[in-house]
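In: sharing a sequence plus its predicted fold:
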Amino acid sequence: MVTLAEVARQAGVSPSTVSYVLSRKRSISDETRRKVEAAIEALGYHPHAGARALASNRSNILALMIPLRSDMYVPVIMEIAMAVTTEAREFGQDVLLLTKDEGTQGVRRIAGSGLADAMILMDIELEDDRIPVLRETETPAVLIGLPAESAGLACVDLDFEATGAACVEHLASLGHRDIALIGEGEGVYQRKTGFAARTLSGFQKAAAELGVRAVHRSCEGTYESTAGVLSRIMEERPHTTGFVVQNEAAIAPLLSLLRLSGRAVPEDTSVVAICPDQVALQASPRLTSVSIPADEMGRRAVRLAMAQLDPTDGPREPITLIPPTLSVRESSAPGPAA
């Protein structure tokens, strides 16, 4: 088994320098870090997890609590989880996976057992019952999402309120005066899940400011539910020419239903989606969209967690809202009356 001392000799540095590179407890020059990392790779060195934990009084594990719900888009959740895991390895951390159905009991178990040094929580609700437990136990934690009361918390998220507004502003700039938001399933809004509630808020505020007639309908994402939602919107608002979709599962059914009803996209109807780029680019026509920066959110969450564990890195901005980027593609065009 390769030892730390052997790595130090290979790199031409002291054993303590190798330790600092591994633990990131001190600033090391890029040149020295590269030498140590090259020696580690050449020798195939793997730090002993138990020894590292004893030496640092840490478990070197981050706990990630993810949602597993039928009304959540799993690919985005998995992309965030993969980003957390990949970035955690850059810091020498392993990831312990929990599901949200463990709720407050799961948070207490992690806080009381020392299984993990910090927690990263997803699927944040505006009034999330896990947050009081985090405050009570003083558990180092990062939220991927933004609750209603975020004081003293570290959070990272897409700025969903700005996202909802950006979609309305884009359609309004093209002359669309009647716009509909086809949103997530009803359960998502009943739970007051932050990303959906904030998007709706931004959508409604921007519509009011721009004098756009706007309507929101939740959708379960199946072909049947999307057909029912579209039929209801067109019955109530027959002049609707712009759609914003925040429900990945509803995108394909909506485009199909619009074609079947004789509404060409984008000549008769414009569609803007809030979804991963892959979903937008695979649609026909390719969708104007605001991308979900899942990889960036996961990586930033890990860096925020590590900053809490190592204050010597300096102060970090506790709330990170990533500005939306709207990519204009083939599915949006001037409204028929524009």
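Out: Everything's here; your move.
In: what is the end-to-end distance of stretch 19-35?
Out: 13 Å (CA to CA, to the nearest Å).
In: how about the helices of this structure, start to end?
Out: 4-11, 15-23, 30-43, 49-56, 74-90, 103-113, 130-137, 160-173, 186-190, 194-210, 223-236, 248-260, 277-282, 294-309 (DSSP state H).
In: among those, which is nearest A333?
Out: helix 160-173 (10.2 Å; CB to CB). In this view, the C-beta of every residue, glycine as well, is placed from N, C-alpha and C.
In: model confidence over that closest one, on average?
Out: Averaging pLDDT along helix 160-173 yields 98.
In: and what of stretch 246-266?
Out: 96.
In: give me the distance from it to the chain's centre.
Out: Remark: stretch 246-266 is offset 25 Å from the chain centroid, using CA atoms, centre = their mean, to the nearest Å.
In: residues of it that come out buried?
Out: 246-255, 257-258, 263, 265-266 (16 or more other CB atoms under 10 Å).
In: list the contacts for K192?
Out: 125-127 (CB atoms under 8 Å, 6 or more residues apart in numbering).
In: redo that, cut-off 6 Å
Out: K192 makes contact with 125-126, according to CB atoms under 6 Å, 6 or more residues apart in numbering.
In: and V290, by the same measure?
Out: 163, 274, 324, 326.
In: at 8 Å what do you get?
Out: If you count contacts by CB under 8 Å, 6+ apart, V290 has them with 158, 163, 166-167, 272-275, 324-327.
In: which residues does it bridge with?
Out: I274, L326 (DSSP bridges).
In: gap between I131 and V188?
Out: 19 Å (CB to CB, to the nearest Å).
In: that older thread, out of the helices of the chain, deepest packed?
Out: Comparing those by mean neighbour count (mean count of other CB atoms under 10 Å), helix 160-173 ranks first with a mean of 23.
In: show me the contact partners of it.
Out: For helix 160-173, the surrounding residues in contact (CB under 8 Å, 6+ apart) are 146, 179, 181, 194-196, 198-207, 210, 212, 214, 242, 244, 270, 272, 274, 288, 290, 321, 323-324, 326, 328, 332, 335.
In: give me the distance between the nearest residue to F160 once chain neighbours are set aside and L158.
Out: Counting by CB to CB, 6 or more residues apart in numbering, R198 is the residue found nearest to F160 once chain neighbours are left out, at 4.0 Å. Using CB to CB, R198 is found at 9 Å from L158.
In: what's the answer for L254, then?
Out: From L254 across to L158, the span is 22 Å (CB to CB).
In: before we move on, what about E31?
Out: 37 Å.
In: how does the protein divide into domains?
Out: 4-47, 61-158+293-322, 160-291 (automatic domain parsing).
In: for the first one, what is the average pLDDT?
Out: Averaged across domain 4-47, the pLDDT comes to 80.
In: same thing with stretch 123-138?
Out: The model assigns stretch 123-138 a mean pLDDT of 90.
In: report the backbone C-alpha coordinates of it in PDB.
Out: C-alpha atoms of stretch 123-138 as PDB (Å, rounded to 0.1, in the frame of the first residue of the first chain):
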ATOM      1  CA  ASP A 123     -36.900  20.200  -3.400                       C
ATOM      2  CA  ILE A 124     -37.200  23.200  -1.000                       C
ATOM      3  CA  GLU A 125     -40.600  24.400  -0.100                       C
ATOM      4  CA  LEU A 126     -41.500  28.000   0.900                       C
ATOM      5  CA  GLU A 127     -42.300  26.800   4.400                       C
ATOM      6  CA  ASP A 128     -40.000  23.700   4.500                       C
ATOM      7  CA  ASP A 129     -40.300  21.800   7.800                       C
ATOM      8  CA  ARG A 130     -36.700  20.700   7.600                       C
ATOM      9  CA  ILE A 131     -35.400  24.200   8.000                       C
ATOM     10  CA  PRO A 132     -36.300  24.700  11.700                       C
ATOM     11  CA  VAL A 133     -34.500  21.400  12.500                       C
ATOM     12  CA  LEU A 134     -31.400  22.700  10.600                       C
ATOM     13  CA  ARG A 135     -31.500  25.900  12.700                       C
ATOM     14  CA  GLU A 136     -32.100  24.000  15.900                       C
ATOM     15  CA  THR A 137     -29.300  21.500  15.400                       C
ATOM     16  CA  GLU A 138     -27.000  24.100  13.800                       C
END
